[in-house]
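In: Sequence and predicted model, in that order:
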Amino acid sequence: MSEPVIKCQSVYKIFGANAERMLKEANGNVDAKTFQDNGCIVGVNNASFEVSKGEMLVVMGLSGSGKSTLLRCISRLTDATGGKIFIEGQDLLNLNNKELIDLRRNKMGMVFQSFALLPHKTVLENIAFPLQIKGIKTEDSINKAMDMVKLVGLDGRENYFPRELSGGQQQRVGIARSLAVEPDIWFLDEPFSALDPLIRKEMQDEFLRLQEKLQKTIMFITHDFDEALKLADRIAIMKDGIIEQLDTPANIVLNPATEYVRKFTEEVPREKVLLIKDVMDETISSDIGDLKVSKDETIENVAEKILTQEKTVAVIDIKNNVVGSINPAKIINTVFGGRKNNN
Amino acid sequence: MEVIKKYPKLFQWLFLLIVFFALCFAIDVPETYKFIRGQAEFVKDPNQSAFVFLGKEVRYYAFDVFWRLPPLLGWLPIWINDSLFFLMNDWMPMEFWNEDTQEYKTRPLVLQITRNLTAFMTFLIELIREILLGGLETIVAFTSWDWIDANPWAELPGLPWTIVAAGSAILAYKLGGKGLAIYALLSMTYISIFGQWKPSMQTLSFILVAAPLSFIFGLGLGVAAYKSKRVEKALYPILLVMQTMPQYAVLVPALVLFGVGDHAAVIITMIVAVPPMILLTLLGLRAVPPEVIEAGRMSGCNNWQLMSKVLIPTARRDILIGVNQVIMVCFSMAVISAFIGAKGLGFNLLLALNQLNIGLALEAGLCISLIAILLDKMSLAWANKQVDYFGNLNFFQRNKNSLFFGVVVIAGILLAYFGSIYFKDGYNYLFEVPHNKGISTADFWNKGVDWIFDTFFVYIKAFNTWLIVDVLQPMRALYLRMPAIATLVLVVGAGYLIGGVRSALVVCGLTLFIALSPWWDRALVTTYMATFGVLVSCTIGFTVGTLCFQNKHSTNFMLNVCDIFQTFPSFVYLIPVMMLFGITDTSVLIAVIVYATIPATRYTIEGLRSVPAGLHDAATMSGVTKLQRLFKIEFPLAFPHMMLGLNQTIVFALFMVIIGAFIGTEDLGQYILKALSDKKGAGIGLTLGICVAFIGLIFDNLIRTWVGQRKKHLGID
C-alpha cells in the first residue's frame, strides 16, 4: 500500500498560556475538565488517522467540537501543541517558513465557510491570486484562472466583483481559487454551511462531479451529518476534541460506536444512505429468484423491486457475477427496524 | 433603609457627595489666598515660599496642604525647557560640512538634524507652493541666486487659477460625481474672484505636504503596531494623550525645535495628524476577517505579500477614513499654525481678528469653511468609492479624466496668455486675481456688524452682564472655593465607585499631576468653563437629537449638519461670536457651546438609531406609546452610546476653551498663548498642554469604564 497523503499521530491542540507544559505533564492522558480548571482549552485531543490518495475524509462535529481546529493544525494555520503530522511523508511541524510557503503554494488548497474572497479583486483576479503570489506571469495566471472559471461554471462573470455575486457563486470562486494551483490536497472548511438549502444541495452535487474528475485527497469539515453521509468515503465524528468514530458512512449508520454517534444516526433515512452491498448476505443462498440487483445501488432505488419478490434476490457486481444475496425481509428490517423511536 | 438596600450604588454616591461637601465646608479659604492674575507668580515676592529641586528654584505661595497642594512639579517646565535648550545647543557637538561656506563647522547633533529637517520641509512646501503660485525658491534650491540673476527667464510660472479650479472639479467628479464637481468648481471660483487665491493656495500647499507625510508615517506605525504587541503598548499612551491634547499646546515646543514658519507647522501637524491615522489603520487591519487572512496564508503569501496584497487592500475603507481624518486635522492645524507664522488663510484670519476687522475675518473664515467642506467630501467620497474594473475599457475611456485635465491645462494656459494681452497694463485676472483686487465684501459685513451692534447693543449687553454676573462669576467662585483635597476625594471616589481600584489609581495619578503643577487654579477655571459649556451643549444636543430622531428626514438632515459643522477648524467659530459679543467670556462660552453641541447631537442620534429594530417592533406590539418607548426602551439602550458622546463633548469643549484664550480668558489657555510668545515657553506650554489633556483623560477614563460595564451588562457591543 502506498504512503498515506495525510498522516496524523496523536495530534493535540491546546489553547492557553501553559498549554505545552500541561500537555507534557498529562503524559498522553488529557482530560478536558482538568485542563479547563487550569485555564487551558482542549481543541483537539489525541487525533490519529490517515487519509490516502484520492480519498475523501469528512470530519463531522457540532460547533466547538474541534473539527476546524484539527483542519487548521493539518494546514498549519495554527501549530499543533503535540503529536506528529506528515504530509506525503514530510514532517509538517518541522518545516521552516519557506518550506511551508512552498508546500502551500504547490500542494494545498483551502475553501472557507465565509468564502474569504478579496473584496478589491474581480472573480478572475481572485482566482489568479495564488498563482500571482507564486510569481507566475500575469498572462499565464490569467489564462489558468480562466480555465478555473469555466470549470466551476462562472463563465461570463469573470469580471464581476465578489460583492456582485450570490453566496453560491462566491463559493464557486472560492473553490476555483483553491484549485488554481492544482493542489494534491484539498481542504474544505464547512464550504456549504453559509448557503441556502437548495443552493447547498446543488453545490454538493457540483462538488461530487468535480471530485470525480479531479480525484484530490480531501479533508472536508461539516456540521451536517447528512452532508457527511452524502459526500464521504470515510467519516470522522468529533466531540470535545476527540474523534469518537472514524469509519465508512455505512458502518457508522449500522454500527455506531458510541451513544453520541448513535444519536446522529437515528434520524438518517437509511434507504438513501446504505447500498445493497452494505446489507447483503455474502453467502449465496440456494433459493434464489430471477431478479438481480447491482451491489452499488442504494436501497431506495431497488427496494420496490425487491419487496415485490417472494424469493431471495441475487446481488451482482459490475461484471455480472453473483456476489451475494438479499431477501425482502432484510430490506424491511434495515429500513424500519432497530430504531429506538420505533420500538 | 429599603431604598438603600435596593440601590447600594446610590447610597455610595450619596456618601461620597456628603464627604465632599463636608470637606468643602470644613476647610476655610486662607486669608492670604487670591486668584493669581497675569503671570504674577513669576514676580519675586517676599511672601512666596521656594524650594530647589534638580537645581531649579521653584517659587510659590504656600497654603495649607488641604487647601492647595504645593507645586512640587513646578520644576518640570523649567527642566523641560533647559533640557531642550541643552539638546539643541550643547549636546553632542559634531563636525558638519557646510555647503555655503565650503568648510567644516561644529554644530550640536540635534540642531543639525532639526535644521536639515527644516530645510527639507521648506523645500517641499516651496515646491508645491510654486507649482500653484509660481516663484523662484525651488530653482534656487538646485542652483544659486547668482544663477538666477544670470538667467532671468528661470522661474516657475505657477498655474493659472482656472486650471486649478477646473482640475479640482475633475478630481471631484472622478471621486464623487457631478454634485461634488459643481461644488468644487463654484467654491474655487468664489475663492479666486473674491481675492483669496494666494492665501488659499498657501494653505492648500501646506496640506499637500503635511497630509501625505502624515499618511505614510501613520500607516507605517499602524502596521507596526498591528504586527507587534510591544509597539502597540508603547504607542498606546501617546495616542491617548494626543487625542485629548489641545492642538495648539503642541505648537509651543515646535517653536523651540524648528523655529517659526511653515516648516515648523508641517512637522508639528504631523505629530497631531499621525495618531488618528495609526488608530484607524489598526482598527481597519483588526477588522479584516480571520478567514481572509487564512485564505491569504493558504495561497502561499509570505508576510510582506499578506500585508500588501491582502490586509491593506481589505482594510482599504478604514484606512481611507484615516486619510480623511488626517486631511481634516492637517487643515485645522494649517489654520492654527498661523500662531507660529504659517502663511495662508489662517494667518489672514488671525490678523483680521487681531485688528477686530470682522468683515475680513468672515471672508477668510468663509474660504476656510469652503475648502474644509470640499476636502472632507472629496476624501470621504474616495473612501466610500468601490474599486472599478478597467479591463474591458479602451484607452480613451480609461483615461478620460486625465485627458480632459490635459485639455484643461492647455485651455487654461491659452486663456492666461490671452489675458496677458487683454489686461495689458493691469493685473492678468485670468492668471491670478490679486489679494486686494478681488471683490471684497468686508465693508458690507463690517457695516452689518455695526448695525447689529447699534440695534441690539442694549439687549446683547444686558444678556452679557446677566450671564457673567449672575451665572458665570458665582460658578467660577464655587469652583475656586473647592479645597484641593476635597476635589481629589471626589474624583478618586468617583473613580473607585465606577471602575474599582484600577480606575481610582489612574484618575488619582492624573489629578495629582495637575494639583502638583503650579496651575491648579487655572485648571479649575478651565474646568469650570468646560463644565458650563458641556452642560448647556448636552442639554441642547440631547434634546435636539431626540427631537430630530422622531423623523427620518430630520435625522439625516441633522447628521449632515453635524458633518458640515465638524469639518470647520475650531478657530473659525470665534468669528461670529466675536461679531456678536465682542471680547468677553460670553463669546468664548458661546463658541464652546456651539462647537461642543455637534458631538452631543450626533451621538444622541446615533445611539438612538443603534437600538435594534426588533426591539422597536416588539415594544410597539406590546402597545407602548411613543413616549413610553422612548423612555423605557430607547433611552436605556442608547444611553451608553450617548455617554460616549458626552466624552467627545468634553474633549471638544476643552479644545475650544483653550483656543478661547485668544479672546482672553483666565485659564490654562491664556498661559499657553503666552508661552507661544515666550522664548522660554516650551516647557510651560508642554506642561500646560499635558494638564489640559489630563483633565480630558480623567473624564475619558471614567466615562469609558462606565460605558464598558454598562454595555456588557446590556449585552450590546
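Out: Perfect, thanks for sending it. Numbers count the residues shown, from 1 in each chain, chains lettered A, B, ... in the order given.
In: contacts, neighbours, all on C-alpha from now
Out: Fine.
In: name the element the closest residue to residue B:512 other than its chain neighbours belongs to?
Out: Spatial nearest neighbour of residue B:512, excluding adjacent residues (Cα to Cα, 6 or more residues apart in numbering or on different chains): residue B:488 at 7.8 Å. Element membership of residue B:488, judged by DSSP states H and E, is helix B:484-516.
In: What is the neighbour count of residue B:29?
Out: A count of nearby residues for residue B:29, using other Cα atoms under 10 Å in any protein chain shown, gives 18.
In: wait, doesn't it sit right on residue B:478?
Out: No. Residue B:29 is beyond contact range of residue B:478, at 11.7 Å (criterion: Cα atoms under 8 Å).
In: Could I get the average pLDDT for the helix or strand just after the helix holding residue B:488?
Out: Counting by DSSP H and E, the next helix or strand C-terminal to helix B:484-516 is helix B:520-549. The average pLDDT within helix B:520-549 is 92.
In: what does stretch A:314-332 give?
Out: Summarised as a single mean, pLDDT over stretch A:314-332 is 82.
In: Check which residues of that stretch are buried.
Out: Residues of stretch A:314-332 classed as buried: A:314, A:315, A:316, A:322, A:323, A:324, A:325, A:326, A:327, A:328, A:330, A:331 (neighbour count, 16 or more other Cα atoms under 10 Å in any protein chain shown).
In: hmm, back to that, pretty sure the residue nearest to residue B:512 sits against residue B:509.
Out: No. With contacts defined as Cα under 8 Å, residue B:488 does not count as touching residue B:509, sitting 10.1 Å away.
In: Thought residue B:311 was touching residue B:293, still the case?
Out: Yes. Distance between residue B:293 and residue B:311: 7.2 Å, which falls inside the contact criterion (Cα under 8 Å).
In: Just the buried residues of the helix holding residue B:488, please?
Out: B:484-499, B:503-504, B:506-508, B:510-516.
In: Over to stretch B:18-37?
Out: Of the residues in stretch B:18-37, those buried by neighbour count under the rule 16+ other Cα under 10 Å are B:19, B:20, B:23, B:24, B:27, B:29.
In: tell me the least confident of the residues you listed?
Out: In terms of pLDDT, the lowest of the buried residues of stretch B:18-37 is residue B:29, showing 81.
In: Spatially central residue in the chain, please.
Out: All of this is about chain A. The residue at the geometric middle of chain A, judged as the C-alpha nearest the mean C-alpha position with Cα atoms, centre = their mean, is residue A:58 (2.4 Å).
In: wrong one, chain B
Out: For chain B, by Cα atoms, centre = their mean, the most central residue is residue B:247; offset 5.3 Å.
In: Residues in contact with stretch A:270-278: which ones?
Out: A:229-230, A:249-250, A:253, A:294-300, A:315, A:334-335 (Cα atoms under 8 Å, 6 or more residues apart in numbering or on different chains).
In: need the residues of the stretch 1-150 of chain A near chain B, please.
Out: For the stretch 1-150 of chain A, the residues found near chain B under the criterion Cα under 8 Å from any Cα of the partner chain are A:75, A:77, A:101-102, A:104-105, A:108-112, A:114-120, A:122, A:129-130, A:133-134.
In: Show me the shaky parts of chain B.
Out: Low-confidence segments of chain B (pLDDT under 70): B:1, B:36-44, B:99-100, B:154, B:387-393, B:424-431, B:435-438, B:716-717.
In: My error: substitute chain A in the last question.
Out: Regions of chain A meeting the criterion pLDDT under 70 cover residues A:1-2, A:285, A:338-343.
In: Longest helix in it, by number of residues?
Out: When chain A is scanned for its longest helix (criterion: DSSP state H), the result is helix A:197-214.
In: who in chain B is up against chain A?
Out: If contact is defined as Cα under 8 Å from any Cα, the residues of chain B in contact with chain A are B:289, B:291-292, B:294-295, B:297-302, B:305, B:310, B:313-314, B:387, B:389, B:391.
In: Just the buried residues out of the residues you listed, in PyMOL syntax.
Out: The PyMOL selection below is limited to those of the residues of chain B next to chain A classed as buried (16+ other Cα under 10 Å):
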select buried, chain B and resi 291+292+294+295+297+298+299+300+301+302+310+313+314
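In: among the residues of chain B next to chain A, which are in helices?
Out: Per DSSP H, the subset of those in helices is B:291, B:292, B:294, B:295, B:297, B:298, B:305, B:313, B:314.
In: nearest spatial neighbour of the first one, skipping sequence neighbours?
Out: The reference is to residue B:291. Using Cα to Cα, 6+ apart and skipping the chain neighbours, the partner closest in space to residue B:291 is residue A:116 (5.5 Å).
In: Count the neighbours of residue B:573 for me.
Out: Using other Cα under 10 Å, residue B:573 has 21 neighbouring residues.
In: Surely it and residue B:596 touch.
Out: No. With contacts counted by Cα under 8 Å, residue B:573 stays clear of residue B:596, the gap being 11.1 Å.
In: May I ask which helix or strand encompasses the nearest residue to residue B:326 once chain neighbours are set aside?
Out: Take residue B:326 and drop its neighbours on the chain: the residue closest to it by Cα to Cα, 6+ apart is residue B:273, 5.2 Å away. According to DSSP H and E, residue B:273 maps onto helix B:262-286.
In: Does residue B:96 lie in a helix or a strand, and which?
Out: For residue B:96, the host element (DSSP H and E) is strand B:93-98.
In: List the buried residues of that strand.
Out: So for strand B:93-98, counting by 16+ other Cα under 10 Å, buried means residue B:93.
In: Summarise which helices and strands the helix or strand following it is packed against.
Out: Following strand B:93-98 in sequence order, the next helix or strand is strand B:103-108 (DSSP H and E). If contacts are counted by 3 or more Cα pairs under 8 Å, 6 or more residues apart in numbering or on different chains; DSSP states H and E, strand B:103-108 sits against helix B:75-89, strand B:93-98.
In: For residue A:111, what are phi and psi?
Out: For residue A:111, the backbone dihedrals (degrees, to the nearest 10) come out as phi -120, psi 140.
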